[in-house]
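1. Just the structure for this:
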Amino acid sequence: MRYDAVVIGSGFGGAVAACRLAQAGLKVCILERGRRYADGAFPRDFTRMRGWSYQTDQGLYDVKPLSSKFLSVQSAGYGGGSLVYANVIMRPPADLFAHGWPARINRQVLDPYYDLVSHMLDVQPISPRQPKALPKKTLLMRQSAHEMGRSAQFFHPNLAVDFSAPGVAHENKFGVMQRGCTHCGECDVGCNQRAKNTLDLNYLALAERHQAAAKTQCEVRGLRPHEGGYRVSFCDHTTGELGFVDGKQVFLCAGSINSTELLLRCRDIDRTLP
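-> Predicted structure coming up:
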């Protein structure tokens, strides 16, 4: 099983890489440690938390105490962090790039890419003109801003959410079935309404349409040079067996913590990377 590119992780970095590589005609393999969540499959037992923990149930949340003062909460699933983030898509102000960035990287250069992401994730602010109008919590936030004398700073951010007819199934622009938002407020625990524009409904769906092979519940354990490329070893959690794929190139998109952990393990323990 040899590929032009192996993409480790299916979050924002991995999904974009896999999509564009597959569209370019390359043979792509995506390795994701979490599972696919079908329509309505996110757990909702908040009392026992069964099905939530990655460590015990191969669930959605991977919680790691990195020190006595620092707790990391990450997602594990096909779509990565898009499954549990708050859907907010904001562009950094231009002056953010004034210090600490290469001179050629600035808002003007990045804006076409922000535009493309906005198209892919179909971002828009919530509006009173949408079928369910504004949720009560939005009105309360606006009222609070007014009472604090900060009305001028209040705004509705762009959200990667489908605000069409609530609960009504329809095909999105990538041919994937979605439904309109019902304002249930469960965005950060997995959208069972399928109204959240998560990466499995756009970038990853497009990657698979262009023949990318997605292997879920396959947790990467090692990476080493092999025959002009790399061999990526993984544990298949559906069978408990170890496997590997070879790739001419590897895109390491497992998040800042997991990508760093894998590189350090390859360097300091397995000694397969310099």
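
2. Tell me which stretches of the stretch 51-200 of the chain form helices.
-> Using DSSP state H, counting those that start in this stretch, the helices of the stretch 51-200 of the chain run over 54-57, 107-121, 136-147.

3. want to throw those helices into CSV with mean pLDDT and distance to residue 193?
-> Where you see a C-beta, it was placed from the backbone N, CA and C, and this is true even at glycine. Supplementary listing: those in CSV, determined by pLDDT from 0 to 100; distance: least, C-beta to C-beta, whole Å:
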stretch, mean pLDDT, distance to residue 193
helix 54-57, 88, 23
helix 107-121, 96, 17
helix 136-147, 96, 17
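
4. Check the secondary structure at residue 215 for me.
-> Following DSSP: H, G, I helix; E, B strand; the rest coil, residue 215 is assigned to strand.

5. Going by secondary structure, the residue nearest to it when sequence neighbours are not counted is in what exactly?
-> Spatial nearest neighbour of residue 215, excluding adjacent residues (C-beta to C-beta, 6 or more residues apart in numbering): residue 31 at 5.4 Å. Using DSSP states H and E, residue 31 falls within strand 28-32.

6. for that strand, packing partners?
-> Packing partners of strand 28-32 (3 or more C-beta pairs under 8 Å, 6 or more residues apart in numbering; DSSP states H and E): strand 2-8, helix 12-23, helix 203-209, strand 213-216, strand 218-226, strand 241-252.

7. hmm, 10 Å instead?
-> strand 2-8, helix 12-23, helix 203-209, strand 213-216, strand 218-226, strand 229-236, strand 241-252 (3 or more C-beta pairs under 10 Å, 6 or more residues apart in numbering; DSSP states H and E).

8. End to end on stretch 176-190, go ahead and measure it.
-> Stretch 176-190 stretches 17 Å from its first residue to its last (C-alpha to C-alpha, to the nearest Å).

9. Could you list the buried residues of that stretch?
-> For stretch 176-190, the neighbour count (16 or more other C-beta atoms under 10 Å) marks 176, 178-181, 183, 187, 189-190 as buried.

10. now stretch 210-219
-> Buried residues in stretch 210-219, counted by 16+ other C-beta under 10 Å: 210, 212-219.

11. Name the nearest of these relative to residue 10.
-> residue 214 (7.3 Å; C-beta to C-beta).

12. show me what contacts the closest one?
-> Applying C-beta atoms under 10 Å, 6 or more residues apart in numbering, we find residue 214 in contact with 7, 10, 18, 28-32, 36, 78, 200, 204, 207-208.

13. Please name the bridge partners of it.
-> residue 30 (DSSP bridges).

14. before we move on, the earlier item: give the buried subset of the contacts of residue 214 as a ChimeraX selection command.
-> Restricted to buried positions by 16+ other C-beta under 10 Å, the ChimeraX selection for the contacts of residue 214 reads:
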select :7,10,18,28,29,30,31,32,78,200,204,207,208
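
15. TSV for the contacts of residue 214, including distance to residue 158 and pLDDT?
-> Below are those laid out as TSV (distance: C-beta to C-beta, whole Å; pLDDT from 0 to 100):
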residue	distance to residue 158	pLDDT
7	26	98
10	23	98
18	24	98
28	29	98
29	32	98
30	27	98
31	31	98
32	26	98
36	27	96
78	24	98
200	20	98
204	21	98
207	24	98
208	26	98
